[in-house]
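Visitor: predicted model and sequence below, questions to follow.
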Amino acid sequence: MASNPSELPPVKARLILLVAGIAVSLLTLEGAFRIAAPLLKPQKWSDRSYAYFIPEEAETLQDVVPHPKAAGTFRIGVVGDSFTFGPNMQLSDTFPKRLQGMLNLNNGAPRVEVLNRGKTGASTEVEVDLVRKALKEDLDLLVLEITLNDAEPHILTRAERDATFNSPWLKWKIFSIWKSLGFVATRFHNTLTVNRYIDYHSKFFKEPVTAQRFEAALMRIKAQAEAAKVPLLAMVFPLFDFPINDRYPFVEAHGIIHSKLEKIGISSIDLTRAYQNIPPARLQVIPGRDNHPNEIAHRIAAERLLAALVDRKLLPEATLPKRVFRTRKEMAGFKANREKVWGRASRGVTVESVARSLGRD
């Protein structure tokens, strides 16, 4: 004969009530999550171009193959990876082309050409050959762009990327059925991925084999530039997955790169400070999906590169922008009063003074 529930021992009754309460709570949470989740999804948007424009004579989506250098022209070659190439951006918005625009503002000055020789996926070892080719283009100055994955032995395949950063258990069927649990599992997975990402981009500068290969590639690049009698400047980008602040996780990696460049004798700048405290979403070309620098980040890089080149006297003086302002606003009577608001004789606002104020990064 079945027992009356009211006659069950108090402990068992409490246990049943507890289990029932948990079940009801989980069902309520799941129902609320299923209702609210679609409403909380951010609307899809894109500020990327509808089409990308390159010069007619360009043979690829990279910059043009240059014509023979005209007399009096000052030619700069920028060799780097995708951070130089600029995926999902107009070629004209990349930092080499922004720099080119800044150096062609003066009437009667020598023309400056800045060639974008960025190649997506190129490591420093690959860039040895890119530098060799660039130096054949009659350069007057070579800039080597460095990103924190440049010591990577090879580009990861999709399978290798999944194995390195993803968690196989995230594809379990239960997470697609139990939505709220899947949400929690995804958040946990994202935390693991961040830690794996940090470890991955830091380890190549610590492991002897990859660190030595990175250093050897830098030495070969320096030797090539010296043989061609072309000045060389290296510039190091941070990664834009994290805020550039006191908790930026790659400070040690930047320090190692700086030490190697200094040891080899390559003059360099590190752009990390230039992006300090700027939210990553303001710097990523597709926020949350593609961490390559966007137009804002490229413009900042061009300004800092210009300051470094001025500071090191690597540019013809006649090409340095003569009209430099602290602000750009409409000013009544600008033409009549321009000597009072700008120039060497008034407020001392020159490209040299701006370069000094930015300091050596």
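Guide: Thanks, I have it.
Visitor: what's the longest helix in the chain?
Guide: Secondary structure of the chain per DSSP state H: the longest helix is helix 10-40.
Visitor: average model confidence for it?
Guide: Helix 10-40 carries an average pLDDT of 74.
Visitor: got the contact list for the helix or strand following it?
Guide: Of the helices and strands lying after helix 10-40 in sequence (DSSP states H and E), the nearest is strand 74-80. Applying C-beta atoms under 8 Å, 6 or more residues apart in numbering, the contact partners of strand 74-80 are 66, 69, 84, 95-96, 99-100, 103, 110-119, 122, 127, 130-131, 134-135, 137-147, 315-316, 319. Backbone N, C-alpha and C define where each C-beta goes, glycine included.
Visitor: so how far is strand 74-80 off the chain centroid?
Guide: Chain-centre distance of strand 74-80: 19 Å, with C-alpha atoms, centre = their mean, to the nearest Å.
Visitor: one more: stretch 222-232?
Guide: With C-alpha atoms, centre = their mean, you get 26 Å for stretch 222-232.
Visitor: just say helix, strand or coil for Asp285.
Guide: Heads up, residue 285 is Val, not Asp. The three-state assignment at Val285 reads strand, by DSSP: H, G, I helix; E, B strand; the rest coil.
Visitor: any idea how far it is from Ala302?
Guide: 16 Å (C-beta to C-beta, to the nearest Å).
Visitor: you'd agree Glu252 is up against Ser202?
Guide: Yes - counting by C-beta atoms under 8 Å, Ser202 is a contact partner of Glu252 at 6.7 Å.
Visitor: in terms of neighbours, single out the busier of those two.
Guide: Ser202 (17 against 11; other C-beta atoms under 10 Å).
Visitor: name the element the more buried one belongs to?
Guide: Judged by DSSP H and E, Ser202 forms part of helix 179-203.
Visitor: helices and strands of the protein: which one bottoms out on pLDDT?
Guide: helix 334-341 (a mean of 49; mean pLDDT, DSSP states H and E).
Visitor: helix or strand next in line after that helix, which one?
Guide: helix 351-358.
Visitor: quick one: residues in contact with the host helix or strand of Asn116.
Guide: Per DSSP H and E: Asn116 is located in strand 112-118. With contact meaning C-beta under 8 Å, 6+ apart, strand 112-118 is reached by 62-64, 66, 69, 73-86, 91, 94, 96-97, 99-100, 103-104, 130, 133-134, 137, 139, 145, 315, 319.
Visitor: picking that back up, by contact count, what packs against the longest helix of the chain?
Guide: With contacts defined as 3 or more C-beta pairs under 8 Å, 6 or more residues apart in numbering; DSSP states H and E, helix 10-40 has these neighbours: helix 179-203.
Visitor: so for the helix it packs on, mean pLDDT?
Guide: Helix 179-203 carries an average pLDDT of 73.
Visitor: re earlier: for PyMOL, what selects the buried ones among the contacts of strand 74-80?
Guide: Applying 16 or more other C-beta atoms under 10 Å to those leaves a buried subset, and the PyMOL line that selects it is:
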select buried, resi 84+95+96+99+100+103+110+112+113+114+115+116+117+118+119+122+127+130+131+134+135+139+140+141+142+143+144+145+146+147+315+319
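Visitor: filter the contacts of strand 74-80 down to just the ones in helices.
Guide: Per DSSP H, the contacts of strand 74-80 map to helices at Thr84, Phe95, Pro96, Leu99, Gln100, Glu127, Leu130, Val131, Ala134, Leu135.
Visitor: for the stretch 151-300 of the chain, which segments are assigned as strands?
Guide: For the stretch 151-300 of the chain, the strands defined by DSSP state E, counting those that start in this stretch occupy 232-236, 267-270, 284-286, 290-293.
Visitor: now mean neighbour count, distance to Thr327 and mean pLDDT too, for these, in a markdown table please.
Guide: Below are the strands of the stretch 151-300 of the chain laid out as a markdown table (neighbours: other C-beta atoms under 10 Å; distance: least, C-beta to C-beta, whole Å; pLDDT from 0 to 100):
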| stretch | mean neighbour count | distance to Thr327 | mean pLDDT |
| --- | --- | --- | --- |
| strand 232-236 | 22 | 27 | 98 |
| strand 267-270 | 20 | 25 | 97 |
| strand 284-286 | 18 | 27 | 96 |
| strand 290-293 | 21 | 25 | 94 |
